[in-house]
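Q: Just a sequence and a predicted model for now, questions to come.
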Amino acid sequence: MSRAHKLLRTRVVATVSAVAALGLVVGCSGGDGDGGTGGGVKDGEVTITMGLFGVMGYKETGLLDQYMKENPNVRIEAEVAGDEQTYYTALQTHLAAGSGLKDIQGIEIGRAKELADTQAAKFTDLSGVKGADHFLPWKLSQVTAKDDKVIGFGTDIGPMAVCYRKDMFEQAGLPTDREEVAELWEGDWSKYVEAGKEFKKGTKNDKVAFMDSASGLFNAMIYGNSEQFYNESGELIYQDNPAVTEAWKLAAEAGGTGLTAKLRQFQPGWDPGLANSTFATAVCPAWMLGHISEKAGPANKGKWDVAKAPKGANWGGSFLGVIDKSPVKEEAKKLVAWLTAPEQQESIFKKLGNFPSSQEALKAPAVTDAKSEYFSDAPIGKIFGEAAQEIPDKQVLGRKDGTIKDIFSQGLTLIESQGKSPDEAWKDTEDRIKKATG
Amino acid sequence: MATSLPTTRTGERERPRQRRRTLLHRLDLRGAPYAFITPFFVVFAAFSFYPLVYTAWISLHRVELATMNVMEWVAFDNYTALWQDERFWNALLNTLTLGVLSTVPQLMTALGLAHLLNYRLRGSTFFRVAAITPYATSVGAAALVFTMLFERDFGMINWMLSLVGVDNVDWENNKWAAQTAISTIVIWRWTGYNALLYLAAMQAVPRDRYEAAAIDGASRWQQFVSVTIPGIRSTIVFTIVLSTIGATQLFGEPLIFGQGPMGVTGGADNQYQTLGLLLYEEGWKNYQMGRAATVAWVMFLLLILVFVVQRVVKRLASRRASSVRTS
């Protein structure tokens, strides 16, 4: 081979490799960077992507399939994360990077304030959407940003009750009828803990605990108040808020005296606990019924029942928001409005128990007369409907509500499973909240 | 003059051409290698060097993930805060203990396994493939399965322990139990990989050394200690370096082992929080990117420190060895 030839070849190779390298770099930085959300329109077919978590019910009850059937040109791709913390972490990262987002994103109530405060610009304003004036007024106010922009539509709300095992109550010598059970702890959460002590004394099976986790009790107690971790002007007040300190004291007592099964809700250890019947009660917001019946399985059908909680509260409830940069924004808006419309909320409630946030759906007989077959035919429409009445009209949300809630359940685990004293655990919790918020 | 003009002209015309050619030749000779390695360095600059520098820049600021555009200059405050943060020292210690708990048994077992595989045995290919299988499993899958095995109430390991009369161990909430469980995942995944590295090295050890040792009456064990180990010393050092880097970056196993929010903090009491998890907690639970970047940089500096110390030790060792030889 002549030298010129060789020279040419090396030069070609060098140029090609340099260009290839550059292409690689450029290719990587381009890509999703400019707001691709996975959805789009191709050959007249509209693809809408959704990011969901937990059991929001759209995939589970076949509503998405129904929508696709009614709108043949629409294809919906929903991705459901089991754990909300994991889901939200990914959502935050995607929002910050401006890539990897879905057209529609679920928003948990604990994150609503943070998203409305810091990320409102990245969501579409839903306030103008027609036929969407049926929500409970406080529900939408929770996702309304400062400039009256509504960044999401409400899915469900979380009125609470106590789910309990009739067979275990009977064994422990406690009443089993849901009215009588409700009377056991009427009006005061500390009576619930007292009932737990009775239960512990009466039960013969030492593998069965009274309640699943201390954090369940803690959450149930704090969410009955207008103000929890933050006050209206956004200052942290949990240290002096009696709602929080009292809930902590009682939950710490329950956790420290062996009334709990030392489980963590929605973490994998909890599900085998449900399946193998290791606890007799769980404070259950309406949306938890679906999870319990699914994980406790057909073997435990009819053993569970639902009784009124000592006090009303709103625990949880979510929203659906539309990403502003979505190429199928209008279609996504339509889908969100449809999914959160009264009829669909009714249907999800009937199938899964997620309680409607739509005033219209709340009044529908299908909701008010609903009974749950799995939970011994408990009149869940009536129980949760009444509980919903007790939800404080004003609920102050804070920016780091979700994170603080997690830190508190971590603090209670210190007492439950690691034998720390409540004082020590409180100190650790305070330190962690300082780190997380500062 | 007039006659010499054309010649000089052609000469002058010739010379640049020749010069150009030699320049090209020199470029080819000197430049081509650089061109060939450019892709790596371009990628390196874009994906390693730039992030490194940018991370350093972020670590000097107070900035939250949700609002990355709002940065507040705090100089080295993040570093001094980290120095005074007991979580950092706790994480550092955990990284160290988890590293020792997983690396030492792992390399020992790998060495033994490689020694066994090095014998002539039936189905040796099967055993070698079997040894590498755990390495091919994803961290997530492995950690999830082990987490289920180590579950407190209905896990298989506690069930087996109960057969011999041991009470349920709360694998997650007991510090040493948790660290043992996590180390088990690491050991399971990496032992076979290291064993194959050792095996490759062992097969390069000349057979006649073993024969000589055998003639001298050395037992299998003596052969292993005085022929095999010295023969694969450099591979052993290599695996130690690899495992140390791996141990410093330990992240996926403890994160999945803890499941959900508890994994992010490395347990309720941070009993198995490694530096990698601390970074993740700061960045993706507290959303404090400045502090997360600080942890990242401190981890980087720690690795450099480990590397330097290792070099110094090696140099001292070889100097001593040579002085022994000369004396």
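A: All right, it came through fine. Numbers count the residues shown, from 1 in each chain, chains lettered A, B, ... in the order given.

Q: Every contact and neighbour count from this point should use C-alpha atoms.
A: OK.

Q: Run a quick neighbour tally on whatever residue of the stretch 51-200 of chain B ends up closest to chain A.
A: At 5.8 Å from chain A, residue B:66 is the closest residue in the stretch 51-200 of chain B, using C-alpha to the nearest C-alpha. If you count neighbours by other C-alpha atoms under 10 Å in any protein chain shown, residue B:66 ends up with 21.

Q: for the one 3 residues further on, same thing?
A: Applying the criterion other C-alpha under 10 Å, we find 10 residues in the vicinity of residue B:69.

Q: And residue A:346, how far from chain B?
A: Separation of residue A:346 from chain B (C-alpha to the nearest C-alpha, to the nearest Å) stands at 31 Å.

Q: who does the longest helix that chain B contains touch, helix- and strand-wise?
A: Looking across chain B with DSSP state H, the single longest helix is helix B:289-326. The contact analysis (3 or more C-alpha pairs under 8 Å, 6 or more residues apart in numbering or on different chains; DSSP states H and E) places helix B:289-326 against helix B:50-59, strand B:61-64, helix B:77-84, helix B:233-248, helix B:275-284.

Q: OK, contacts around the residue of the stretch 51-200 of chain B closest to chain A?
A: Residues counted as contacts of residue B:66 (C-alpha atoms under 8 Å, 6 or more residues apart in numbering or on different chains) are A:92, A:95, A:96, A:118, A:119, B:287.

Q: Identify, out of the helices and strands packed on helix B:289-326, the most deeply packed stretch.
A: helix B:275-284 (a mean of 24; mean count of other C-alpha atoms under 10 Å in any protein chain shown).

Q: Find the closest residue to chain A in the stretch 1-150 of chain B.
A: Closest point on the stretch 1-150 of chain B to chain A, by C-alpha to the nearest C-alpha, is residue B:39, at 4.7 Å.

Q: Which strand or helix spans that residue?
A: Using DSSP states H and E, residue B:39 falls within helix B:32-44.

Q: distance between that helix and the chain's centre?
A: The chain centre lies 24 Å from the centre of helix B:32-44; the measure is C-alpha atoms, centre = their mean, to the nearest Å.

Q: For that helix, what does the pLDDT average out to?
A: The pLDDT scores in helix B:32-44 average 91.

Q: before we move on, could you check phi and psi at the residue positioned nearest the centre of chain A?
A: In chain A, the centroid-proximal residue (C-alpha atoms, centre = their mean) is residue A:108; its distance is 5.1 Å. Main-chain dihedrals, residue A:108, degrees, to the nearest 10: phi -80, psi 150.

Q: Just give the closest residue to it, not the sequence neighbours.
A: The shortest distance from residue A:108 to any non-neighbouring residue, by C-alpha to C-alpha, 6 or more residues apart in numbering or on different chains, is to residue A:318 (4.5 Å).

Q: angle of the longest helix of chain B against helix B:77-84?
A: Comparing the axes of helix B:289-326 and helix B:77-84 via axes from the mean of the first three to the mean of the last three C-alpha atoms, to 10 degrees yields an angle of 60 degrees.

Q: Now residue A:252: which helix or strand?
A: helix A:242-256.

Q: Is that helix in proximity to chain B?
A: No. On the criterion C-alpha under 8 Å from any C-alpha of the partner chain, helix A:242-256 is out of touch with chain B, staying 14.1 Å away.

Q: Go ahead and produce PDB holding the CA coordinates of the next helix or strand after that helix.
A: Going down the chain from helix A:242-256, the next helix or strand is helix A:270-275, by DSSP H and E. This file holds the C-alpha atoms of helix A:270-275, laid out as PDB (Å, rounded to 0.1, in the frame of the first residue of the first chain):
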ATOM      1  CA  TRP A 270     -46.700  -5.500  55.900                       C
ATOM      2  CA  ASP A 271     -48.300  -7.600  53.100                       C
ATOM      3  CA  PRO A 272     -47.300 -11.000  54.600                       C
ATOM      4  CA  GLY A 273     -48.600  -9.600  57.900                       C
ATOM      5  CA  LEU A 274     -52.000  -9.100  56.300                       C
ATOM      6  CA  ALA A 275     -51.900 -12.400  54.500                       C
END
